[in-house]
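Enquirer: Return atomic coordinates for the entry below.
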Amino acid sequence: MRLILLAIIAAVVPTAAAAQTIDLGALTGGGDGSTVGTIIQMFGLLTILSIAPGILIMVTSFTRFIIAFSILRAGIGLPSTPANLILISLSLFMTFYVMAPTFDRAWADGVKPLMNNEISEEVALERISQPFRSFMTNNVREKDFALFSDLATERGNIDANIETADLRVLIPAFMISEIRRGFEIGFLIVLPFLVIDLIVATITMSMGMMMLPPTVVSLPFKILFFVLIDGWNLLVGSLVRSFA
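Expert: Numbers count the residues shown, from 1 in each chain. As a prediction, this is how the structure comes out:
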């Protein structure tokens, strides 16, 4: 009986394994392109998805928001409050709010027709990038774009028109423009807190409290000042309105 049972198992297992063989043609969709081309497209899609956070930072308003919030936290004197998760989440939601027209246009003009097989991948890539190109063009500094345009001209790329410039020229120019504006806004944020620190330090020194750190005394006043002026409302509104 044991020999018969082993013989039945040996006969059934290869049949079940053969029935579960993966059909590569079904995975690739049976399109006009070759299997190798389809695999390369899938690999490229996975690569783009893996660097999606970096793309979000490079071509959107996220950089300006996170720099301003980080400088605000440092200016108040709270190194971990609000937490990084809160600041990043707030920056992301504000980015989605500012970039909503750009995302909607990229979806309607490029992504949706591509999913419906109405346009090719090349046309879809051009249509998807065009709204982001317009956003970066409206917010990049001319001096920063001129810098990278001159560098590109020195290396053989003579297209110096901002409307048709290569994304390899426009994106870094936009990024350094956003970093500069973030620091400009951060300076205006930190300035009143610096004044409070100076006032508190002068008072404590005049009272002879040499061993008492002025920041310990000034911290409650800075928090109270920021709350009384409704600082979050003013800062978020100003940041959103700062984008063209």
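Enquirer: Average pLDDT for stretch 146-165, rounded please.
Expert: For stretch 146-165, the mean pLDDT works out to 72.
Enquirer: Endpoint to endpoint, that stretch covers what distance?
Expert: 11 Å (Cα to Cα, to the nearest Å).
Enquirer: can you give me the offset of that stretch from its chain's centre?
Expert: How far stretch 146-165 lies from its chain's middle: 25 Å, per Cα atoms, centre = their mean, to the nearest Å.
Enquirer: ok, and what's touching it?
Expert: 137, 140, 145, 166, 168, 169, 170, 172, 173 (Cβ atoms under 8 Å, 6 or more residues apart in numbering). In short, each C-beta sits where N, CA and C put it, glycine included.
Enquirer: which stretches of the protein have low pLDDT?
Expert: Scanning the chain for pLDDT under 70 picks out 1-38, 41, 43-45, 48-49, 156-161, 244.
Enquirer: residue ranges for the helices of it, please.
Expert: Counting by DSSP state H, the segments of the chain that form helices are 2-19, 24-28, 35-50, 52-59, 62-76, 84-98, 100-106, 112-115, 121-139, 142-154, 167-206, 214-228, 231-241.
Enquirer: For residue 130, which residues are in contact?
Expert: Neighbours of residue 130 in contact, by Cβ under 8 Å, 6+ apart: 106, 109, 110.
Enquirer: returning to what we had before: quick check on the contacts of stretch 146-165: which are buried?
Expert: 137, 140, 145, 169, 170, 172, 173 (16 or more other Cβ atoms under 10 Å).
Enquirer: any idea how far residue 114 is from the last one?
Expert: In this structure, residue 173 and residue 114 are 28 Å apart, going by Cβ to Cβ, to the nearest Å.
Enquirer: for the second one, same thing?
Expert: In this structure, residue 140 and residue 114 are 27 Å apart, going by Cβ to Cβ.
Enquirer: With the third one instead?
Expert: Residue 145 is 30 Å from residue 114, where distance means Cβ to Cβ.
Enquirer: now the fifth one
Expert: Note on residue 170: its distance to residue 114, by Cβ to Cβ, is 23 Å.
Enquirer: same thing with the first one?
Expert: When distance is defined by Cβ to Cβ, residue 137 is 24 Å away from residue 114.
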